[in-house]
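# whatever this is, show me its structure:
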Amino acid sequence: MPDRPFLNDPGPGGEPPAGAVPDALFDLAVNRADAALRGLRPADPARALSQWHARTRFARRVSLMAVSAALRQKPQEGGEWHWAGGPGGGWVRGKAPFP
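This next block holds a predicted model:
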């Protein structure tokens, strides 16, 4: 594998990448994954999420399992929601401060 410290090849199980993930990057991965699933409305959301994760370069720095776990916590009540606070964060009502 070439020296690409900023990328992690996707693993079949979404193994966590080495090193800590900055909170802002985690938030971005969760919010972009949520937007992708809302836009795609796939029949198999888990498969669509895995494919999105594998082809989205920045998202590969965040564990697929962690993104999936965050998405499962999203409130089902209507309105706009975004993830904030990194891996220890949660869903916040309103639009994300950045796309």
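# got the CA coordinates for the longest helix anywhere in the chain in CSV?
Using DSSP state H to define each element, the chain has its longest helix at helix 23-40. Presented in CSV, the C-alpha positions along helix 23-40 are these (Å, rounded to 0.1, in the frame of the first residue of the first chain):
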residue,chain,number,x,y,z
ASP,A,23,-14.8,15.6,16.3
ALA,A,24,-15.5,17.8,13.3
LEU,A,25,-14.6,15.0,10.9
PHE,A,26,-16.8,12.6,12.8
ASP,A,27,-19.7,15.0,12.7
LEU,A,28,-19.2,15.6,9.0
ALA,A,29,-19.2,11.9,8.3
VAL,A,30,-22.4,11.2,10.2
ASN,A,31,-24.2,14.3,8.7
ARG,A,32,-23.1,13.5,5.2
ALA,A,33,-24.1,9.8,5.5
ASP,A,34,-27.5,10.9,6.9
ALA,A,35,-28.0,13.2,3.9
ALA,A,36,-26.9,10.6,1.4
LEU,A,37,-29.4,8.0,2.8
ARG,A,38,-32.2,10.6,2.8
GLY,A,39,-31.4,11.4,-0.8
LEU,A,40,-31.0,7.8,-2.0
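# need the residues that contact it.
Contact partners of helix 23-40, identified using C-beta atoms under 8 Å, 6 or more residues apart in numbering, comprise 45, 48-49, 52-53, 56, 58-59, 61-62, 66-67, 70-71, 74, 81-87, 89, 96, 98-99. The way it works is simple: take the backbone N, C-alpha and C, and place the C-beta from them, glycine included.
# filter those to the buried ones?
48-49, 52-53, 56, 59, 61-62, 66-67, 70-71, 81-84, 86-87, 89, 96 (16 or more other C-beta atoms under 10 Å).
# give me the subset of those residues lying in strands.
Mapping the buried ones among the contacts of helix 23-40 onto strands (DSSP state E) picks out 81-84.
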